[in-house]
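# I need the structure of the sequence given here:
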Amino acid sequence: MLVQWSREEDMAQGRYHPVTQCKLSAGLDKDGNVTEGGTLKLGQQRLDQAGHLGLLSGAALLAERVARRDHQADRGDLAGMGHADRRAAEAKAEAERLAAERESQRIREAEERARREVEESAAKARADAEAAARAEREAIEAKARAEREAAERARIASEQAEARAKAEAEAAKLREQDAERRRVESEERAKREAQEAAERAERDRVAAVEAERQRAERQRIAEQEAAAKAQAEREANKEHMRRINRAALAGVVAAGISEEQGKALIKAIASGSVPHVSIAY
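Residues are numbered from 1 along each chain as shown. Presented below is the predicted three-dimensional model:
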């Protein structure tokens, strides 16, 4: 059976811990019963002999246990040896123990480096994932912002176009109303001017008729006055001539001519019948 969590799932389960692997093994008999078993865990966290925190693999633990077991066995075998052989065996066992410890230390250091590399890789993966998530989030936000700005620009452009269309329609309506008003005013002005012209023509006609009447009346009066004056002048002239003729008649009668002959003579002189003789009136 293999149970494996993804790194994202593992990071979400409680506190962070290094990557580890646990291997279970078991032996079965012919009836299927478990006869033996074991566990191998890689990445176990422990304190080494120097007090440093390290990771020991199962192989390192196994090597350390084998070294300790052999050292203990050698110490038991030393009990039956001589003094010189015992010192040589102890020196050999100590050298083997030190070699095992050095090997264990080398393994621990290698595993520590591997752990650091894993942690650094995980940190880098987290940073990369966060950067990718941040970039994706920023891209989504930028896209949403661009869409909002585009929608806002479209809305403003639509409102401006609608406002322009409305203003143009209102301006066209005002132009039509102004043109209609000017047309009505022009027609009314033309009617008014025609009426005024007709009234003026009628007034002029009436004035002309009245002037003609007055002129005729003045002429008639003048003619009457002239006729009366002429008549008066004629009457006065006649009276003057009669007065002169009476005076001349009186002179002729005084000269010894009869009145009838005097009248005939004066009449002949007045009519121009007597040459070189005239009466000065």
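
# tell me, what residue is most central in the chain?
Nearest to the centroid of the C-alpha atoms of the chain, with distances taken as C-alpha atoms, centre = their mean, sits residue 156, at 4.7 Å.

# so how far is residue 149 from that one?
For residue 156, the distance to residue 149 equals 10 Å [C-beta to C-beta, to the nearest Å]. Glycine gets a C-beta too; all of them are placed from N, C-alpha and C.

# same deal with residue 30?
Separation of residue 30 from residue 149 (C-beta to C-beta): 77 Å.

# what sits against residue 161?
Residues in contact with residue 161, defined by C-beta atoms under 8 Å, 6 or more residues apart in numbering, are absent; none qualify.

# State the pLDDT value of it.
In this model, residue 161 is scored at 92, pLDDT.

# host element of it?
When secondary structure is defined using DSSP states H and E, the element that contains residue 161 is helix 83-254.

# Repeat that for residue 26.
Using DSSP H and E, the element containing residue 26 is strand 21-28.

# which of the residues in stretch 87-106 are buried?
For stretch 87-106, a neighbour-count test (16 or more other C-beta atoms under 10 Å) marks 89-90, 93, 97, 100, 104-105 as buried.

# What is the distance between it and the centre of its chain?
Using C-alpha atoms, centre = their mean, to the nearest Å, the distance from the centre of stretch 87-106 to the centre of the chain it belongs to is 87 Å.

# please begin residue numbering at 15 from this point
Okay, using 15 as the starting number, the last item reads as stretch 101-120.

# pLDDT on that stretch, on average?
For stretch 101-120, the mean per-residue pLDDT is 82.

# Repeat that for stretch 137-156.
Here stretch 137-156 scores 90 as its mean pLDDT.

# same check, this time on stretch 233-243
86.

# Return the per-residue confidence for the residue nearest to the centre of the chain.
Residue 170 is assigned 93 on the pLDDT scale.

# any idea how far it is from residue 176?
When C-beta to C-beta is applied, the distance between residue 170 and residue 176 equals 11 Å.

# just residue 133 next, same as before
In this structure, residue 133 lies at 62 Å from residue 176, with C-beta to C-beta as the measure.

# next one: residue 183
Counting by C-beta to C-beta - residue 183 and residue 176 are separated by 10 Å.

# ditto for residue 224
Computed with C-beta to C-beta, the distance linking residue 224 and residue 176 is 69 Å.

# neighbours around residue 190, how many?
Neighbour count for residue 190, taken as other C-beta atoms under 10 Å: 10.

# oh, I was asking about residue 121
Quick note: residue 121 (other C-beta under 10 Å) scores 19 neighbours.

# before we move on, the earlier item: so for residue 44 and residue 163, which residue has more residues nearby?
residue 163 (10 against 5).

# Read off the pLDDT value for that one.
Residue-level pLDDT assigned to residue 163 equals 93.

# ok, now which ones touch it?
So residue 163 contacts nothing (C-beta under 8 Å, 6+ apart).

# just for this protein, where's the confidence low?
15-38, 48-97 (pLDDT under 70).

# what's the closest non-adjacent residue to residue 279?
Residue nearest to residue 279 in three dimensions, not counting chain neighbours: residue 266, with 6.2 Å by C-beta to C-beta, 6 or more residues apart in numbering.

# hang on, the earlier thing: if you count surrounding residues, which of residue 133 and residue 176 has more?
residue 133 (13 against 10).
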